[in-house]
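Visitor: the sequence and its predicted three-dimensional model are supplied below.
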Amino acid sequence: MKRFFIKLTLLAAVANLLAGCTEKYPSPDHFVGVITNGFTRASYTQEGIVLKGKWNAGDRIAVKGASGATAYLTAQSGAAQSDFAPEGSADLPQGPYQAFYPAEIASGILPEVQKHSSEGPVYAPLFALSETKHLEFSPLCGLLEVKMSSDIGDLTLSGIKLTADRPISGSFTVDENYRVKATGSNSISLDFCGTCPLANTSFWFSIPEGRYSGLKIEIETEDGGTGTFTLSEGVEINIIREEITACNMKVTNLSYDVTYGEAYLPNGLNFNRFIKCAARPEGEWTTIIAANADSLITSVTFATEDSRTSNLRIDDGGEAPVYVLYDEATGAVTVTTPAQKYIMHEYCAYMFRNLYSLEKIDFGNMEAPEIVNMIYMFYNCEKLKSLDLSFMNTEETLRMEYVFANCKALETLDVSSFKTGKVTNLGYTFFHCESLKELDLSSFVTPSLTSATYFAAYCNSLEKLDMSNFSLENVRAASFNYGLHALASLRELRVGGKFIASDGERPSSMFVNSTTVQANRPGSKGGLTIYTVQKTADWLAKTNLRWVHSGNKNQQPIDVTFKDMNNGNDLTVTWAAN
């Protein structure tokens, strides 16, 4: 460690400086500290670019005498001038005196870590040179005030560091004009004693006078994000002793070097609002709800191990942050996280509701370990063309009504992983999925189902429908009204032995009603073959499928054939009267 010294060319210069200064240096019988100009750590008022300061009672200074002996004294009052009382019983040094505030810099070191306070500058080193015990203090450094804001939401800092192109802390010397030259470290960090909010906060650094190019601020947030930003890019920053130099800095992005395993998404209703808010940065959160129609968003991509951030952070639990980015030019929403995978919320209901222009969803590395409610999840996604939901675990799911309703452009849909043992309501689940040609619902085992009205109604392109394990054993006929209504292109249907209403009655308009024209009747494009078992075939022959077979209501008869689902043999039924 380099020893501190006052850089005066000759000792005679000191004598000249102090000689004949009785007026300037009164001779009290005790030490008096006076802040003649500039600033110290508290009780300041701002006057232009200079802070006028006062002592705090208890402020500690170090005083060196001519022999090199050092005494430590504390301020007795909070004012620009304060008496100082010695600590301990040691003899006080003889003048002339060099005095230092804070006392620690008497060792010749400007701290590399400075204290931070939201109320103003904490650390501003002062120096006094006097023949008497009257000590007039002036600042050794200038103050850099960094006023920070964020483009990526509310941030809480756990660390901040200023780096320069030359030393600004550590060992130092002082010239005859009280100007400091540091020869130690090129950086200064602030000590928050915990964390500190970034918004509307000024961060103060005491640094030696001079012109600086490329001053950089490095920050770390409490969630592990880091960023490095250049102050006043391409412009020198002039730090002047005793004065404040202010710079504005905006945090636009962060990176994450920490490894996160999982990132947790918010519930579906809030997710829907978040992405709609992202597309409407001037919109009011309280007025944007899932029911609002949206024609701006064209795609949603879930990106993992992605360091991009925004001012919209949406994670719900866990440590990994989740952000929403929106590209106005393309309508693309990108959800980002530094984590390795997403965990979908158990209540994913309404998640993509009313995104009328949505064409694509890339779920990426997504897990949905325990979905409870997914009603209206993709409702009115009219331009969505394909979905692979094989990652979803629906073993605990209770409600699925309207999940895919009005997904009119949906051509492929993989729900083979769906477990529906606890689902009670499947009303309107596939309503108006007008582009699906095949739908494999063989995984839909439904012992708890009580209602499924309009279940797959108006899927007018559907040619093959496999419901071979679907159960209506707890569904009254009236709760399956319009269940398979107007499947205009249906050629093949598979249903099992439990596809019979619990009360044995006939659901109203299950396949057709009195106004269903020929072109909208199942089998109208070449007949209908139903693979089932005998008792289900007998029940279906009593439903309004009989109107399809007979051509009732002024339409043409359509060939409806029943075959055994186990061996393919023909089944014979007796059709009920019209």
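Guide: Looks like it arrived, so ask away.

Visitor: quick one: buried residues of the helix ranked longest in the chain?
Guide: Ranked by residue count under DSSP state H, the longest helix found in the chain is helix 268-278. Buried positions in helix 268-278, judged by neighbour count with 16 or more other CB atoms under 10 Å: Gly268, Leu269, Asn270, Phe271, Asn272, Arg273, Phe274, Ile275, Lys276, Cys277, Ala278. All C-beta spots, glycine's among them, are computed from the backbone N, C-alpha and C.

Visitor: got it, and stretch 143-162?
Guide: Buried, per 16+ other CB under 10 Å, within stretch 143-162: 143-146, 148, 150, 152-153, 155, 157, 159-162.

Visitor: what are the ranges of the helices in this structure?
Guide: For the chain, applying DSSP H gives helices covering 11-18, 268-278, 534-540, 545-550.

Visitor: show me what the longest one is packed up against.
Guide: Spelled out, it's helix 268-278. Judged by 3 or more CB pairs under 8 Å, 6 or more residues apart in numbering; DSSP states H and E, helix 268-278 is in contact with strand 323-327, strand 332-336.

Visitor: partner strands of the last one and their direction?
Guide: So the one you mean is strand 332-336. strand 299-303 (parallel), strand 323-327 (antiparallel) (DSSP bridges).

Visitor: quick one, which of those gets closest to Lys385.
Guide: Closest approach to Lys385 among these is made by strand 299-303 (11.0 Å; CB to CB).

Visitor: just to revisit the earlier point, just put the buried residues of stretch 143-162 in TSV and tack on distance to Ile558 and pLDDT.
Guide: As requested, the buried residues of stretch 143-162 are exported to TSV (distance: CB to CB, whole Å; pLDDT from 0 to 100):
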residue	distance to Ile558	pLDDT
Leu143	88	90
Leu144	84	92
Glu145	82	91
Val146	78	93
Met148	72	89
Ser150	65	85
Ile152	61	79
Gly153	60	75
Leu155	66	86
Leu157	71	92
Gly159	74	93
Ile160	76	95
Lys161	78	95
Leu162	81	95
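
Visitor: looking at those residues, which is nearest Ala368?
Guide: Of all the buried residues of stretch 143-162, Ala368 sits closest to Gly153, with 25.6 Å by CB to CB.

Visitor: isn't the closest one right up against Arg313?
Guide: Yes. Gly153 lies in contact with Arg313 (CB atoms under 8 Å); the separation is 4.5 Å.

Visitor: common neighbours of those two, please.
Guide: Taking CB atoms under 8 Å, 6 or more residues apart in numbering as the criterion, Gly153 and Arg313 both touch Tyr323.

Visitor: and the chain, what are its domain boundaries?
Guide: 6-139, 142-255, 259-419, 457-578 (automatic domain parsing).

Visitor: ok so, going back, between the buried residues of helix 268-278, which is closest to Asn186?
Guide: Closest to Asn186, out of all of the buried residues of helix 268-278 and judged by CB to CB, is Ala278, at 39.5 Å.

Visitor: for the closest one, give me its contacts.
Guide: Ser310, Leu312, Val324, Leu325, Tyr326, Val333.

Visitor: what's the distance between it and Glu209?
Guide: 45 Å (CB to CB, to the nearest Å).

Visitor: what of Pro96?
Guide: Per CB to CB, Pro96 is found 25 Å from Glu209.

Visitor: sorry, back to before: let me have the domains of the chain in CSV, extended by distance to Thr446.
Guide: Putting the domains of the chain into CSV (distance: least, CB to CB, whole Å) gives the following:
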stretch, distance to Thr446
domain 6-139, 59
domain 142-255, 43
domain 259-419, 10
domain 457-578, 5
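
Visitor: mean pLDDT lowest for which of these?
Guide: Note on the domains of the chain: domain 6-139 shows the lowest mean pLDDT, a mean of 76.

Visitor: Arg63 touches Thr132, doesn't it?
Guide: No Arg there; residue 63 is Val. No. Taking contacts as CB under 8 Å, Val63 lies outside contact range of Thr132: 11.6 Å.

Visitor: chain center to stretch 341-349, what's the gap?
Guide: Offset of stretch 341-349 from its chain centre (CA atoms, centre = their mean, to the nearest Å): 15 Å.

Visitor: what lies in contact with that stretch?
Guide: Stretch 341-349 has contacts (CB under 8 Å, 6+ apart) with 261-269, 271, 302, 304, 316, 318, 322, 335, 363-377, 392, 396, 399.

Visitor: do that again at 7 Å, thanks
Guide: Here stretch 341-349 makes contact (CB atoms under 7 Å, 6 or more residues apart in numbering) with 262-269, 302, 304, 316, 365-377.

Visitor: of those, grab the buried ones for PyMOL.
Guide: A single PyMOL command is used to select the members of the contacts of stretch 341-349 judged buried by 16+ other CB under 10 Å:
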select buried, resi 262+263+264+265+266+267+268+269+302+304+366+368+371+373+374+375+376+377
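
Visitor: quick one: distance of stretch 59-77 to the chain centre.
Guide: The mean C-alpha position of stretch 59-77 is separated from the chain mean by 51 Å, CA atoms, centre = their mean.
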